[in-house]
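1. Can you look at this prediction? I've put the sequence above it.
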Amino acid sequence: MVKLNQKIKGSTLIEVIVALLIILIVYGILTFFIQKLGKQLKHNKEKSNAYFVIEKTINETKQNNLYYNDEFVTNDIKFVKEVTNYKEYKNIYNLRISAFNKNNVLLVEIKEIIDAER
């Protein structure tokens, strides 16, 4: 058997445990931020989908003279279209379309004044 004249350097059990704890804490923090980012991306996707549907609804309203209040649901997003007369003018309307998620939180709202004679 061979004898070693030098001490072998290594980590103590305490050092290993401390290193593992540091790694676990960093992993936990990263997991938290990744989950938060995922929720934010989902929310942004809902907002962009709602904006697209609102723009489409505005165009359909103008093209087909659909100047009445309406509510509809698309992809778990509730849309509320409100049409009111603008001041005392007969053919000018305030159009407001709002989009709400399934928790009834406002995602997007667009207001526009429309001249129905054009």
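-> Yep, that arrived. Numbers count the residues shown, from 1 in each chain.

2. does Val108 sit in a helix or strand, and which one?
-> Of the helices and strands defined by DSSP states H and E, Val108 is found in strand 106-115.

3. low-scoring stretches of the chain, by residue?
-> By pLDDT under 70, the low-scoring segments of the chain are 1-5, 7-8, 118.

4. for Ile77, what are its contacts?
-> By CB atoms under 8 Å, 6 or more residues apart in numbering, the contact list for Ile77 reads 46, 49-50, 53, 99-102, 107. Bear in mind the C-beta positions are built from the backbone N, C-alpha and C, glycine included.

5. go with 7 Å
-> Contact partners of Ile77, counting by CB atoms under 7 Å, 6 or more residues apart in numbering, are 46, 49-50, 99-101, 107.

6. For the residues you listed, which single residue is the most surrounded?
-> Ala50 (25 neighbours; other CB atoms under 10 Å).

7. Now for the nearest residue to it once chain neighbours are set aside: which residues touch it?
-> Using CB to CB, 6 or more residues apart in numbering and skipping the chain neighbours, the partner closest in space to Ala50 is Ala99 (3.5 Å). Residues touching Ala99, when contacts are defined by CB under 7 Å, 6+ apart, comprise 50, 54, 77, 79, 107-108.

8. now the residues you listed in a markdown table, with distance to Tyr86?
-> Compiled in a markdown table, those are given as follows (distance: CB to CB, whole Å):
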| residue | distance to Tyr86 |
| --- | --- |
| Ala50 | 24 |
| Ile54 | 19 |
| Ile77 | 27 |
| Phe79 | 21 |
| Leu107 | 25 |
| Val108 | 22 |
